[in-house]
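Colleague: A structural model of the following input is requested.
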Amino acid sequence: MSDEKKKNQLHNIATVILLFGIMILALSFGQTLKSNMDDAKNKDKKISVLISEVGEIKQNLDTKDSELLAMYNKMVTNKNQILSISKKIDQSNKILTKSNDELSNKLMEKEKIISDLALINLKLKEELIIKPLDPNIQNILVVGHNAQLTDTIMIISANPDNNKINIISIPRDLYYNGRKINELYAKYGIEELEKAITKITGVSIEKYVIFNFNSFIDLVDMIGGVEINVEKKLVDNAYPGPNNSYTKVTFNPGQYLMNGDTALKYARSRKSTSDFDRTNRQQQVVSAIKDKAQKLNILARLDLATKIFAKLQANIKTNISLFEGLNYLNQYNNYKISGGNVISTENLLYSTRNTRGQYILLPKSNSFSSIEKYVSNIINS
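Modeller: Sure thing, here's the model as predicted:
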């Protein structure tokens, strides 16, 4: 074989070997490439799974963030509410502290008032040594009323120990248990008025006489008038007249024989004077009636006494019978009358206004004990 031919064969063998090597390399590379591609796919799957898981985690984190934000906002709201409540508590504590301080001050003031009242009461007990009244003393309550109010309240007390008849006047504006005393008779009757008089004066009331203007006029006229000594001029330009009118009443100083109507004007007039002056005039008229009864010797004239009693029954309320009245005239005929005893602002009372603006009278000593002592001294003296 020629060298050229051998050369060609070698070349062909080399080519085949090269091709076979290339094929082996190609197969090896393909296998490697496939393996790499499979790995890449697996990694892509894993990456996808990771991405999905990361997305879920992010979503969960976003949800948690929202929940945390909501919790934070709620905490802020609660904090603000707590701060508001705390401020209110602080304000309440301040108010309570102030109230406690005020209450403590009020309690201290009250204790001082109680202490002062106790000292006043002790002083009153020392000063007001009230002599008990003799049970044999006859006490008669005389009440003169106009419409629903009592204008005249007097105690007529006959003491057999000193043979005196004491007339003691109680002002109608005296304040007792939340009302003026002149309201008691119309609202609650004579029994309640008697109880009040006993509480105020210490005088036990056994008998009473309640009269109106008509009965007063009738009594004075039936005994022929009364003699009155007018000590000072009296002028009243607004004395009540008929049909809600007014008239002028004038009394100059001097001695008068007054009929019933004139005696009523003298005893009732008060516009130009005080209630206390009027009370003194009323006592003066009562004393004059007693003097006139003595002059008429009514005890010896049963017909006249019966006539007077029958006439007055229509306008007088009393628990004194005709024969009791005659017995009083006989028993007290020679007793001396002591008048001018008026409980007033000149001795025991002071004037003020109640919560309704009414003019009222109260004891200066803040106790009716001073009035009780005053009355006891008059009756026992």
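Colleague: what ranges do the strands span in this protein?
Modeller: Secondary structure of the chain (DSSP state E): strands at 138-146, 149-159, 164-169, 175-176, 179-180, 207-211, 226-230, 234-240, 246-251, 254-258, 316-318, 336-342, 349-353, 359-363.
Colleague: export the ones you listed as CSV, with columns for distance to Arg281 and mean neighbour count.
Modeller: C-beta here means a position set from N, CA and C on the backbone, and glycine is covered the same way. CSV is the format used below for those (distance: least, C-beta to C-beta, whole Å; neighbours: other C-beta atoms under 10 Å):
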stretch, distance to Arg281, mean neighbour count
strand 138-146, 12, 19
strand 149-159, 11, 21
strand 164-169, 10, 22
strand 175-176, 24, 18
strand 179-180, 21, 17
strand 207-211, 16, 19
strand 226-230, 8, 17
strand 234-240, 8, 16
strand 246-251, 9, 14
strand 254-258, 11, 14
strand 316-318, 21, 17
strand 336-342, 10, 17
strand 349-353, 19, 13
strand 359-363, 19, 18
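Colleague: and Asn100, how many residues sit next to it?
Modeller: 10 (other C-beta atoms under 10 Å).
Colleague: give me the pLDDT value at it.
Modeller: Looking at Asn100, its pLDDT stands at 73.
Colleague: how about the strands of the chain, which one is nearest Ile289?
Modeller: Within the strands of the chain, the stretch nearest Ile289 is strand 226-230; the backing value is 5.7 Å (C-beta to C-beta).
Colleague: ok, that closest one: who's next to it in the sheet?
Modeller: Paired with strand 226-230 in the same sheet, following DSSP bridges, are strand 254-258 (antiparallel).
Colleague: residues in contact with the strand it pairs with?
Modeller: Strand 254-258 is touched from outside by Val220, Gly225, Val226, Glu227, Ile228, Asn229, Val230, Thr262, Tyr266, with contacts defined as C-beta atoms under 8 Å, 6 or more residues apart in numbering.
Colleague: show me how far that strand is from its chain's centre.
Modeller: Here the centre of mass of C-alpha atoms in strand 254-258, compared against the chain's by C-alpha atoms, centre = their mean, to the nearest Å, lies 50 Å away.
Colleague: now do stretch 276-289
Modeller: That offset, for stretch 276-289, works out to 38 Å (C-alpha atoms, centre = their mean).
Colleague: with stretch 56-63 instead?
Modeller: 72 Å.
Colleague: poorly predicted segments of the stretch 201-350 of the chain, please.
Modeller: Counting by pLDDT under 70, the ranges of the stretch 201-350 of the chain that qualify are 271-273.
Colleague: next, the contact list for Arg179, please.
Modeller: Arg179 is in contact with Lys187, counting by C-beta under 8 Å, 6+ apart.
Colleague: so what's Glu183 up against?
Modeller: Glu183 touches Leu149, counting by C-beta under 8 Å, 6+ apart.
Colleague: for Arg301, same thing?
Modeller: Residues counted as contacts of Arg301 (C-beta under 8 Å, 6+ apart): none.
Colleague: low-confidence ranges in the stretch 51-200 of the chain?
Modeller: Where the stretch 51-200 of the chain drops to pLDDT under 70, the residues are 53-55, 58, 111, 114-131, 147-148.
Colleague: any idea which of the strands of the chain gets closest to Ser84?
Modeller: Closest approach to Ser84 among the strands of the chain (C-beta to C-beta): strand 349-353, 48.8 Å.
Colleague: by contact count, what packs against that closest one?
Modeller: strand 359-363 (3 or more C-beta pairs under 8 Å, 6 or more residues apart in numbering; DSSP states H and E).
Colleague: need the strands of the chain in JSON lines with distance to Phe20, can you?
Modeller: Shown next, in JSON lines, are the strands of the chain (distance: least, C-beta to C-beta, whole Å):
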{"stretch": "strand 138-146", "distance to Phe20": "158"}
{"stretch": "strand 149-159", "distance to Phe20": "153"}
{"stretch": "strand 164-169", "distance to Phe20": "162"}
{"stretch": "strand 175-176", "distance to Phe20": "146"}
{"stretch": "strand 179-180", "distance to Phe20": "144"}
{"stretch": "strand 207-211", "distance to Phe20": "161"}
{"stretch": "strand 226-230", "distance to Phe20": "175"}
{"stretch": "strand 234-240", "distance to Phe20": "160"}
{"stretch": "strand 246-251", "distance to Phe20": "161"}
{"stretch": "strand 254-258", "distance to Phe20": "176"}
{"stretch": "strand 316-318", "distance to Phe20": "162"}
{"stretch": "strand 336-342", "distance to Phe20": "162"}
{"stretch": "strand 349-353", "distance to Phe20": "142"}
{"stretch": "strand 359-363", "distance to Phe20": "146"}
